[in-house]
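Trainee: Return a 3D structure for these sequence lines:
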Amino acid sequence: MLIDIGYSVIDKEVKVIEDPQTGEKIKKANLDIEFALHVLTSMEAWDEAVFFTGDSDFACLMWHLRTHGKEVVAVSARGSVSTEVRNAANRFVDLRQLRRSLEKKKGS
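Mentor: Below is the predicted model of the structure:
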């Protein structure tokens, strides 16, 4: 697993909220603020951050990291990544291309 090879992995239980009017159950992760805080408070311990997101909410954090000499990689599907994230990252990796590189072929 990623932790075994030195990566920090952050996860959070999904919160389920029930809409009082419709009874519909809505899943929310709300990890953005916790993630940003962890990144900012631990940034002296690493050189590169890999963001698996295309969400423009993270562009400001990415720019901040770059101004502090950090390498920022954004991984997302080309059609799902915001222009802000593509501009803020040092490097963009198309998730579809990554899949082609990593996916085990039948019969291999």
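Trainee: measure residue 87 to residue 18 for me?
Mentor: Going from residue 87 to residue 18 by Cβ to Cβ, to the nearest Å gives 39 Å. Heads up, the C-betas are built off the backbone N, CA and C, glycines and all.
Trainee: With neighbour numbers in mind, choose between those two.
Mentor: A direct count of neighbours by other Cβ atoms under 10 Å for residue 87 and residue 18 places residue 87 higher, at 13 against 10.
Trainee: Could you look up the SS state of the more buried one?
Mentor: Put simply, residue 87 is helix when judged by DSSP: H, G, I helix; E, B strand; the rest coil.
Trainee: Just give the nearest non-adjacent residue to it, would you?
Mentor: residue 59 (7.3 Å; Cβ to Cβ, 6 or more residues apart in numbering).
Trainee: any idea of the pLDDT on that neighbour?
Mentor: The confidence metric pLDDT takes the value 97 at residue 59.
Trainee: before we move on, what about residue 107?
Mentor: The predicted local confidence for residue 107 is 69.
Trainee: For the chain, just list every one of the helices.
Mentor: 32-42, 59-67, 83-88, 95-102 (DSSP state H).
Trainee: could you dump the ones you listed to a markdown table with distance to residue 23?
Mentor: Converted to a markdown table, these look like this (distance: least, Cβ to Cβ, whole Å):
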| stretch | distance to residue 23 |
| --- | --- |
| helix 32-42 | 27 |
| helix 59-67 | 36 |
| helix 83-88 | 36 |
| helix 95-102 | 35 |
